[in-house]
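In: Okay, predicted coordinates and the sequence, questions at the end:
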Amino acid sequence: MQNLRLMVFIVFAFMFCDLNAQPQFAYSKDSTLISYEVFGSGEQTLVFIHGWSCDSRYWRNQIDAFSGKYEIILIDLAGHGHSGISRDNYTMKAFGEDVKAVIDSTKSQNVILVGHSMGGGVIAEAALITENVIGLIGVDTYNNIEYPLTEENLDKMIAPLKNDFQTGSSQFVGSMFRPEADVNIRAWVIADMSSAPSEAAVNALENYMQTYVTGYSAAIFENISLPVVAVSSDLWQIDSEANRRHMQSFEAIVIENSDHFLMLNNPNDFNKALAKAIEIVIAKKNEIIHK
């Protein structure tokens, strides 16, 4: 089994390696080095933010699909990928500063923030402090920003990761796939995420889920007037009514027979849905301009 996982990891490492990419770096507010890559050009900029214990490689299926029409920026948040790992506390606010640092560095205009999973919390924070953002697209996130999580439930969720991170995260991540998901992608994602720096990973997950415990996950949107679109799998139900109690504009696009890693397991359907979500954001921006 270990040999199989190693082979899968090596295959996917080469598949997701882009020899033409030119990594660039910006410094976040706390001086942490943030790695990012830029592809293509266009009137709008799509900034892709990965989820918990992932990195920019998880968006490789979107580069060719969108870089011909848009500027594409892929970011490794602090503690992930090639970015710095010296931060003491991996909060959503600090991750938001990572995103702002990159956008300020690239001087991008008409920015649409795309965030997967935990990245949904990150792009909300980034939207509060970053100029030129015109909309948010959450990828399998924002299912219910009022989700009622208790401290007790959070402790139960985190405990296996603290006791044995590799085993706990493997089980945690494995539950996010459908049984019929591509076995190679599933094996790669589980192996990759369970090998993340454990202290940073546990800290980031605790900070993210605490926003649901406190209700901040919903309250933050009271201060965000941008359109929000969710592109989601059908693993979990979306509570649009709950979201609209806090978001000024919310729409959802659901991809059937998909899972949490829909940009990897269902790239064609996902790219079509993402293209539609981008059109919705741009149309709503134009509505505001012409009012």
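Out: Yes, it's here. Everything numeric in this text was worked out from a predicted model, so none of it was measured.
In: what about stretch 156-169, distance to the chain center?
Out: 21 Å (Cα atoms, centre = their mean, to the nearest Å).
In: Sketch out the low-pLDDT regions of the stretch 1-150 of the chain for me.
Out: Within the stretch 1-150 of the chain, the segments meeting pLDDT under 70 span 1-21.
In: in it, which spans are helices?
Out: If DSSP state H, counting those that start in this stretch is used as the criterion, the helices of the stretch 1-150 of the chain fall at 2-15, 60-66, 92-106, 119-129.
In: Turn those helices into JSON lines, columns for distance to Ser175.
Out: Heads up, the C-betas are built off the backbone N, CA and C, glycines and all. Below are the helices of the stretch 1-150 of the chain laid out as JSON lines (distance: least, Cβ to Cβ, whole Å):
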{"stretch": "helix 2-15", "distance to Ser175": "18"}
{"stretch": "helix 60-66", "distance to Ser175": "23"}
{"stretch": "helix 92-106", "distance to Ser175": "23"}
{"stretch": "helix 119-129", "distance to Ser175": "19"}
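In: Same list (those) but as TSV, adding mean neighbour count.
Out: Below are those laid out as TSV (neighbours: other Cβ atoms under 10 Å):
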stretch	mean neighbour count
helix 2-15	13
helix 60-66	18
helix 92-106	23
helix 119-129	26
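In: Could you report the distance from the residue nearest in space to the middle of the chain to Ile224?
Out: By Cα atoms, centre = their mean, the chain has its centre lying nearest to His116, at 2.5 Å. According to Cβ to Cβ, to the nearest Å, His116 and Ile224 sit 18 Å apart.
In: Check Ile112 too.
Out: 14 Å.
In: Likewise for Ser240?
Out: 17 Å.
In: Those two - which one has more neighbours?
Out: With neighbours defined as other Cβ atoms under 10 Å, Ser240 and Ile224 compare such that Ile224 has more, 19 against 16.
In: Thought Leu128 was touching the more buried one, still the case?
Out: Yes: between Ile224 and Leu128 there is a contact under Cβ atoms under 8 Å: 6.7 Å.
In: re the thing from before, out of the helices of the stretch 1-150 of the chain, which gets nearest to Asp76?
Out: Among those, the nearest to Asp76 by Cβ to Cβ is helix 92-106 (8.6 Å).
In: sorry, back to before: could you point out which of the helices of the stretch 1-150 of the chain sits nearest Leu46?
Out: Comparison of those against Leu46 by Cβ to Cβ identifies helix 60-66 as nearest, at 6.0 Å.
In: and for the closest one, what are the contacting residues?
Out: Helix 60-66 is contacted by residues 15-16, 18, 39-40, 46, 48, 72, 74, 263-264, 267, 270-271, 274-275 when judged by Cβ atoms under 8 Å, 6 or more residues apart in numbering.
In: Would you list the buried entries among these?
Out: Neighbour-count burial (16 or more other Cβ atoms under 10 Å) is assigned, among the contacts of helix 60-66, to 16, 39-40, 46, 48, 72, 74, 263-264, 270-271, 274.
In: Show me those residues that map onto strands.
Out: Members of the buried ones among the contacts of helix 60-66 lying in strands (criterion: DSSP state E): 39, 46, 48, 72, 74.
In: got those as JSON lines, with distance to Ser258 columns?
Out: Compiled in JSON lines, these are given as follows (distance: Cβ to Cβ, whole Å):
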{"residue": "Phe39", "distance to Ser258": "24"}
{"residue": "Leu46", "distance to Ser258": "20"}
{"residue": "Phe48", "distance to Ser258": "18"}
{"residue": "Ile72", "distance to Ser258": "22"}
{"residue": "Leu74", "distance to Ser258": "21"}
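In: which one of these sits closest to Arg178?
Out: Phe48 (23.1 Å).
In: leaving aside the residues next to it on the chain, what's closest to that closest one?
Out: Trp59 (4.5 Å; Cβ to Cβ, 6 or more residues apart in numbering).
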